[in-house]
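>>> Here is a sequence together with a model predicted from it:
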Amino acid sequence: MKAICALLLLTLVVTGCATDVERLDPTEITDLSGKWNDTDSREVSEEMIKDLSTRPFIGIYAAKLGHKPTVIVGNIRNLSSEHIQTSTFIKDLERELTNSGRVIFVANPYERNQLRTERKEQQDWARPETRKQMRAETGADFMLIGSIKTIFDTENRTTVKFYQVDLELIELQTNEKQWIGSKKIKKQVKKPFFRW
């Protein structure tokens, strides 16, 4: 009898300590802590893509320049009190606008350094007919910059979290702001009386 009880206790301990993994739909809203998460990132990218795509400036500048507007992503500053990975919603924005065929994105400074190193290497090591030419990059017409800011208001166990994401598309030649997008997210988080 003692052996059966010990075996049952051991089984409970082992299964209670096992990691449980469940696959979720990436579009499903999952908000465990109330902090910035993938749902917030997706909402920002969808709002910014929709707003930017419906503005007339893309068509106006395509006609004026004689080609699709070319954009480089600049600094998206996280001025919030949380760790926020801005590249997730920016990459969504780049992908949608590039794949729409209306805008061209050029490599950002980090990506550009890798590409320049590769082109330099090709000058010495690649067959002449496959080498890529130095100093033939496409210059950007616009730079996308922005910021994320937060305001938190707490009383007892309740916190209201306000996030504001602002993006601006600035013409490089003139420093004129051609588009300003903003997305606001507000969450109320109530903490339980007791935690295990």
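Arrived safely.
>>> Please count neighbours and contacts with C-alpha atoms only from this point.
Will do.
>>> Next, count neighbours for the closest residue in space to residue 81 that isn't next to it in sequence.
In this structure, residue 81 finds its nearest non-sequential neighbour in residue 150, 6.8 Å apart by C-alpha to C-alpha, 6 or more residues apart in numbering. Look at residue 150: counted by other C-alpha atoms under 10 Å, it has 17 neighbours.
>>> contacting residues around residue 150?
Shown in contact with residue 150 (C-alpha atoms under 8 Å, 6 or more residues apart in numbering): 79-81, 161-164.
>>> run the last query once more with 6 Å
Residues near residue 150 by C-alpha atoms under 6 Å, 6 or more residues apart in numbering: 80, 162-163.
>>> Next: residue 93.
Residue 93 neighbours (C-alpha under 6 Å, 6+ apart): 45, 49.
>>> what kind of secondary structure is it in?
Following DSSP: H, G, I helix; E, B strand; the rest coil, residue 93 is assigned to helix.
>>> Which pLDDT value does the model give it?
The model reports residue 93 with a pLDDT of 92.
>>> Could I get the phi/psi values of residue 62?
phi -60, psi -40 (degrees, to the nearest 10).
>>> I'd like to know how far residue 125 sits from residue 131.
Shown here: residue 125 relative to residue 131, a distance of 9 Å by C-alpha to C-alpha, to the nearest Å.
>>> of the two, who's got more company?
For residue 125 versus residue 131, neighbours defined as other C-alpha under 10 Å are more numerous around residue 131 (15 against 10).
>>> Quick one, grab the pLDDT at that one.
96.
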